[in-house]
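> Here is my input; please provide its structure:
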Amino acid sequence: MSAPVPPGFADAVRPLESLSWTIPGLKDDPSMCLRCRGAQLLCGKPACPILVKYHAYERTLPLLAGRELEGSSPPGLFVGRFGYPKVSVGPLLAPMHGDTLLYDTPEEWVDRSVSEVVGFRTMLVRGTQSLHVLDAERPLRMVNDLQMLALAEGSVEAEATFRRSPRGRLTLSDDLPPFGPTAPLERVDLEVPRIDPRLDRLASDTDANARIAVRELYAGGVRVSRIQRAFSAGTLGRRGRRRFVPTRWSITAVDDLLGKENLTQVRQLPELSEWRVHRLTALDNRWLIALLPGSFRYESIEAWYPHTLWNPSGGPVVLMGDYEGFDGRTAYASIGGCYYAARLAVSEHLLRERRQAGALILREVHPGELLPLGVWNVREYVRKALRQPAEPVASLEELHARIAETFAIPVDRWKRTSALLHAARTQRRLDDWFADRTPA
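Numbering: from 1, shown residues only. Now for the predicted structure:
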């Protein structure tokens, strides 16, 4: 006898055509998932991403009873981007009472399995309410409640009534973590026991612009994910300029802003005089971060293997990257939010080391990365890689050797793609010129 289907799961798996962009090969072979049924792994992944999400929904949906929900918010909220400037805004609610902070704290997800992370996110029911982004400064009860939620220090007890029973959808995004069931809100009551005084102080300062507010919160030790939440909820900035910011945009905006602020200090530091390498393997991603002697410059390159999210075909490995010199860049990076998340992690490391340097991030993504988990994944794993002991490297040639032994992709292909490696091969520094002329 087959296992019962959780309530609302029919909505979660309907129809597979909406997932065609996330399931490798499905567009070219619409019958692939039907033939595979998660057993033959025809998409090339080591486990079925649909079943990973299914089992997460299987644990969540039975906890939901119709249109009513009593539980706890981590605290968390979500601001959509479709239909901007009129967007979907609402709280993230777990159908259980107690401390759910872990469910919306990406900094605590490092070294956890994909299934665990998907489980955290799928456990959060997303209530939605259509609001204009400028409503962030209007005296509406819903707006006030959501903004208090964004400033909360810990988990918040909640009671919600939805216009229909929450439903799940199997959608995947490389910019945001997976989400649980969703339903439009009819009413929500939140009991915020305590506001984080650091967030409250900047939310009350309507003369400080958002850049200053974000910088002060970060300097005060507030986690990046919490700053992003407060920024998204329209609680930061000058009076008359506050607005709801789609969650996807707020994540990259805060990463970019904090990275730039850090680099303003980094550019004043002494230059690194040696070569260093940090390496890490996690979630079937291989990372190599190289610090090069000299002034600050930065490059991030991603290599996506066949049967991964952004290279679903069975063709060749695809490499793409972006670069900036000492003065930074003005155009948006082609690889998206990952570029800025990694740059923030690099800037933090350089400040700790009290040195400026060239920074090259190489990432090789293999099919074992079951699901896109969000930009946090890049920020936190680059942070972790840079906490690993540095491997001293004597020369550019030795760096090439480390790249060759780290990745399956031939080192020559990395060299052809990387502007920073090209410059290191073709441009000589004054220190090198003088070294060649120093008497033995």
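> which intervals of the chain have sub-threshold pLDDT?
1-64, 168-177, 314, 370, 428-440 (pLDDT under 70).
> domains of it?
Partitioning the chain according to automatic domain parsing yields domains covering residues 1-266, 275-432.
> Would you mind giving those domains as TSV with mean neighbour count added?
No exception for glycine: its C-beta is placed from N, CA and C like everyone else's. Compiled in TSV, those are given as follows (neighbours: other CB atoms under 10 Å):
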stretch	mean neighbour count
domain 1-266	18
domain 275-432	19
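> Is residue 160 bridged to anything, and to what?
Per DSSP bridges, the residues bridged to residue 160 are residue 69, residue 188.
> Can you show me the strands along the stretch 1-150 of the chain?
68-73, 77-79, 86-93, 125-132 (DSSP state E, counting those that start in this stretch).
> among those, which is nearest residue 359?
Closest approach to residue 359 among the strands of the stretch 1-150 of the chain (CB to CB): strand 77-79, 31.4 Å.
> The closest one pairs with which strands, and in what direction?
According to DSSP bridges, strand 77-79 forms sheet pairs with strand 86-93 (antiparallel).
> circling back to that earlier point, any idea which of the strands of the stretch 1-150 of the chain gets closest to residue 258?
Across these, closest to residue 258 is strand 77-79 (CB to CB), at 19.4 Å.
> Report the distance from that closest one to the chain centre.
15 Å (CA atoms, centre = their mean, to the nearest Å).
> same deal with stretch 89-109?
Between the mean C-alpha location of stretch 89-109 and the chain-wide mean there is a distance of 16 Å, by CA atoms, centre = their mean.
> Now the residue nearest to the spatial centre of the chain. Its backbone dihedrals?
Nearest to the mean C-alpha position of the chain, by CA atoms, centre = their mean, lies residue 375 at 1.6 Å. Residue 375 adopts backbone torsions of phi -60, psi -30, taken as degrees, to the nearest 10.
> ok, now how distant is the closest residue to it other than its chain neighbours from residue 397?
For residue 375, ignoring the flanking residues on the chain, the nearest one in space by CB to CB, 6 or more residues apart in numbering is residue 337 at 4.3 Å. For residue 337, the distance to residue 397 (CB to CB, to the nearest Å) stands at 34 Å.
> Over to residue 295?
Counting by CB to CB - residue 295 and residue 397 are separated by 22 Å.
> my read: residue 67 touches residue 181, true?
No. Counting by CB atoms under 8 Å, residue 181 is not a contact partner of residue 67; they are 12.0 Å apart.
> And what about residue 228, helix, strand or coil?
helix (DSSP: H, G, I helix; E, B strand; the rest coil).
> Quick one: residues contacting it.
247, 250-251, 254 (CB atoms under 8 Å, 6 or more residues apart in numbering).
> Could you rerun that using 10 Å?
By CB atoms under 10 Å, 6 or more residues apart in numbering, the residues touching residue 228 are 106, 150, 214, 245, 247, 249-255, 258, 375-376.
> Residue 344: what's its closest spatial neighbour, skipping adjacent residues?
residue 259 is the one closest to residue 344 (CB to CB, 6+ apart), at 4.2 Å.
> Same check on residue 80?
residue 88 (3.8 Å).
> cool, residue 357 as well?
residue 272 (3.7 Å).
> pretty sure the one you found is touching residue 295, no?
Yes. With contacts counted by CB atoms under 10 Å, residue 272 reaches residue 295, the gap being 9.4 Å.
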